[in-house]
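Chemist: Provide a 3D model corresponding to the input given below.
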Amino acid sequence: MSRFHLLSACVVVALPGGLAACATYRQCGFAGCPGDATITAVVRSRMTQYPSLEAPNSVRVETFDHVVYLYGQVNTDLERAMADSVALAVPGVTRVINSISLDDVGR
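Modeler: Modelled structure (predicted):
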């Protein structure tokens, strides 16, 4: 793959995330929208109630404009779906973007 194609692919992948961040900044500023920190804390707290989502698995949570973003790695599709459900059940969450991947064993 040429350097140009690689750079173009990176721009195409990064641009939507950057645009979403700009839109959130215009609405809420650098501190984030009211309630985002609380949503993140509640999602993290509820995740601890599910031992299968804790170590050695790794699930990170961020919230921007009441949209929860899940990152990390789990062992199975069931655990990935469970993390999604836990986040979506938190009051104030409008959407969940689940970017959790499966480890080599779960594939």
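Chemist: surely I97 meets V67?
Modeler: Yes: taking Cβ atoms under 8 Å as the definition, I97 is a contact partner of V67 at 6.3 Å. Using the backbone N, CA and C atoms, a C-beta is placed for each residue, glycine as well.
Chemist: Walking through this protein, point out its helices one by one.
Modeler: Ranges of helices in the chain, per DSSP state H, are 3-28, 36-47, 77-88.
Chemist: list the contacts for L78?
Modeler: Under the criterion of Cβ atoms under 8 Å, 6 or more residues apart in numbering, L78 has no contact partners.
Chemist: Domain ranges for this structure, per the record?
Modeler: 1-29, 32-106 (automatic domain parsing).
Chemist: More neighbours: which of I97 and V67?
Modeler: A side-by-side neighbour count of I97 and V67, using other Cβ atoms under 10 Å, places V67 first with 18 against 15.
Chemist: Any idea how many residues pack against the residue nearest to that one when sequence neighbours are not counted?
Modeler: Distances taken as Cβ to Cβ, 6 or more residues apart in numbering put R95 closest to V67, at 4.7 Å, once the chain neighbours are dropped. Other residues within reach of R95 by the criterion other Cβ under 10 Å amount to 11.
Chemist: Equivalent analysis for A55, please.
Modeler: Residues contacting A55 under the criterion other Cβ under 10 Å number 6.
Chemist: what's the pLDDT at it?
Modeler: With respect to pLDDT, A55 has a value of 78.
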